[in-house]
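Participant: Sequence and predicted structure below; questions after.
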Amino acid sequence: MTDIIDLFCGVGGLSLGAVQAGFTPRLAVDVDPVLGDGHRRNHPACKLLIGDLAQREASELKELSGAQGRLSGVIGGPPCQGFSSIGKRRSDDPRNMLLHRFFHLVEELKPKFFLMENVPGLLLDDGTRVLNTAISALKYPYVILDPIVLDAADYGAATTRKRLVVLGYDPSEIDCIQVADLLAAKSAVHYTVRDAIAGLPGPAVSDVLRIDQSGLDNPYVQMLNAYVRPDFLGRPEYIDAQRETTSGFQLTRHTQEVVDRFAKVLPGGKDPVSRYVRLSWERPANVLRAGTGADRGSFQAARPIHPSDHRVITVREAARIQGFPDWYDFHATKWHSHRMIGNSVSPPFARALLSVVASRTDMGKQK
């Protein structure tokens, strides 16, 4: 059985990596209806629950998932903004309690494995105490690997994105996994911004544009678009259409003053007013930020400046950089789309880690 539940699912980057690794998300949960709707559009066979996990019980989640027997896994990235290195680092931020909730639900659901990803700041200052207290809720005899910070750029994404990973598994169901196995899953290639946005047209008034077919031949884009399960992922007509066209090219209008300012920013440099960083063609992108939802002031995240054009990157360019395939469908509004991408787990990163788990299960042994 390969059934899993994705908690704090967002637009579904972690779910996508799970499907690509061979698992089947049966239920995804998020409190944000906009982010959750992105998951619904791209994972139509997975049930979606919009709700506060602090108010939901494990028995309800199991029933809603429709999973028969024991769950294979529970995955998720509970919000922990109180420990983010770019935030105010408030240990009393109420959202930090959702970290405890994640492990409490794991203890009650008792899946064969769990994977939690979060901000590296959890290993700083008071964060370690909070994390250890949350993990201590687990009474089931899991083998729990030491928390480790990994970079998505080392696992096939064209962006630097360091994340804390906590993996636990039932040794009676899953063969031995060690931190060394996660490190061994790193990609042999470090992809660049050039690899990511090859063949993509620039922004336009029309959201849907034709792709330069020659740009689809590079290994990075082929890798992103290769993992398709039409029985479980995406809308078939959208997946078919991406062979020639895709969406996410909404134009962001800049004043001439802004264009002139951007023109002076060198690759890797930062605009002194907006603080936007210009990407470099031959390096992975800087981490893509999310911005905030309506409940937190609707602040727009800083969007990187294109490596050579004097503009911010488009939604589709951001999606490619983060590791989403061209058929992945985001929101019609740029702000929401960038928030979806900036909040997401990079799918190649998720696929690499969860493939390690899959290889230690019965399904991995049958391949």
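Facilitator: Looks like it arrived, so ask away. Numbering: from 1, shown residues only.
Participant: hey, let's count contacts and neighbours off CA atoms from now on
Facilitator: Fine.
Participant: Check what pLDDT the closest residue to residue 277 other than its chain neighbours gets.
Facilitator: Closest residue to residue 277 apart from its sequence neighbours, by Cα to Cα, 6 or more residues apart in numbering: residue 270 at 4.3 Å. Model confidence at residue 270, given as pLDDT, is 95.
Participant: cool, and residue 335?
Facilitator: The model's pLDDT for residue 335 equals 88.
Participant: Give me the phi and psi for the residue nearest to residue 277.
Facilitator: phi -130, psi 130 (degrees, to the nearest 10).
Participant: okay, now the domains of the protein?
Facilitator: Domain assignment of the chain by automatic domain parsing yields the ranges 3-189+347-365, 193-343.
Participant: can you redo those domains as a markdown table with mean neighbour count?
Facilitator: Below are the domains of the chain laid out as a markdown table (neighbours: other Cα atoms under 10 Å):
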| stretch | mean neighbour count |
| --- | --- |
| domain 3-189+347-365 | 20 |
| domain 193-343 | 19 |
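Participant: Which of these has the lowest mean pLDDT?
Facilitator: The weakest mean pLDDT among the domains of the chain belongs to domain 193-343, with a mean of 86.
Participant: check contacts around residue 157.
Facilitator: Contacts for residue 157 (Cα atoms under 8 Å, 6 or more residues apart in numbering) come out as 190-191, 284, 321-323, 346-349.
Participant: Residue 62 touches residue 110, doesn't it?
Facilitator: No - using Cα atoms under 8 Å, residue 62 is not in contact with residue 110; the gap is 10.6 Å.
Participant: residue contacts, residue 62?
Facilitator: Residues in contact with residue 62 (Cα under 8 Å, 6+ apart) are residue 109.
Participant: Contact partners for residue 21?
Facilitator: Counting by Cα under 8 Å, 6+ apart, residue 21 has contacts 351-352, 354-355, 358.
Participant: swap in residue 133?
Facilitator: residue 100.
Participant: Strands along the protein, start to end?
Facilitator: Remark: strands assigned in the chain by DSSP state E are 3-7, 24-30, 47-50, 73-76, 113-118, 143-144, 148-151, 162-169, 209-210, 245-246.
Participant: of all the ones you listed, which lies closest to residue 37?
Facilitator: Closest to residue 37 of these is strand 47-50 (Cα to Cα; 8.3 Å).
Participant: re the thing from before, just confirm the residue nearest to residue 277 contacts residue 276, I think it does.
Facilitator: Yes - under the criterion of Cα under 8 Å, residue 270 makes contact with residue 276 at 5.5 Å.
Participant: So for residue 339, which of the strands of the chain sits nearest?
Facilitator: Closest of those to residue 339 is strand 24-30, at 14.2 Å (criterion: Cα to Cα).
Participant: and the angle from the closest one to strand 3-7?
Facilitator: 20 degrees (axes from the mean of the first three to the mean of the last three Cα atoms, to 10 degrees).
Participant: sorry, back to before: just put the contacts of residue 21 in JSON lines and tack on distance to residue 335.
Facilitator: Rendered in JSON lines, the data for these read as follows (distance: Cα to Cα, whole Å):
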{"residue": "351", "distance to residue 335": "26"}
{"residue": "352", "distance to residue 335": "29"}
{"residue": "354", "distance to residue 335": "30"}
{"residue": "355", "distance to residue 335": "32"}
{"residue": "358", "distance to residue 335": "35"}
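Participant: From the residues you listed, which land in helices?
Facilitator: Those of the contacts of residue 21 mapping onto helices are 351-352, 354-355, 358, per DSSP state H.
Participant: re earlier: residues contacting the residue nearest to residue 277?
Facilitator: 276-278.
Participant: for residue 274, same thing?
Facilitator: residue 302.
Participant: ok, so what distance separates it from residue 304?
Facilitator: Plainly put, residue 274 is 10 Å away from residue 304 if you go by Cα to Cα, to the nearest Å.
Participant: Chain neighbours aside, what residue packs nearest to residue 64?
Facilitator: That would be residue 27: by Cα to Cα, 6+ apart, it lies 7.0 Å from residue 64.
Participant: for the one you found, which residues make a bridge with it?
Facilitator: Beta-bridge partners of residue 27, counted by DSSP bridges, are residue 5, residue 47.
Participant: before we move on, back to that, would you format the contacts of residue 157 as a markdown table with distance to residue 178 included?
Facilitator: As requested, the contacts of residue 157 are arranged in a markdown table below (distance: Cα to Cα, whole Å):
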| residue | distance to residue 178 |
| --- | --- |
| 190 | 23 |
| 191 | 26 |
| 284 | 28 |
| 321 | 29 |
| 322 | 26 |
| 323 | 26 |
| 346 | 22 |
| 347 | 21 |
| 348 | 20 |
| 349 | 17 |
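Participant: Mark which of those are part of helices, please.
Facilitator: Mapping the contacts of residue 157 onto helices (DSSP H) picks out 321-322, 347-349.
Participant: This protein: helices as residue ranges?
Facilitator: According to DSSP H, the helices that the chain contains are 13-21, 33-42, 58-65, 97-109, 127-135, 179-184, 193-197, 219-226, 236-241, 256-263, 315-322, 334-343, 347-359, 362-365.
Participant: if I look at the residue nearest to residue 72 when sequence neighbours are not counted, how far off is residue 179?
Facilitator: Once flanking residues are discounted, residue 72 sits nearest to residue 112: 4.9 Å by Cα to Cα, 6+ apart. Noted for residue 112: a distance of 18 Å to residue 179, by Cα to Cα.
Participant: Run a quick check on residue 288 versus residue 342, I expect a contact.
Facilitator: Yes - contact criterion Cα under 8 Å: residue 288 and residue 342 qualify, at 5.2 Å.
Participant: What residues does residue 175 make contact with?
Facilitator: With Cα under 8 Å, 6+ apart, residue 175 has these contacts: 360-361.
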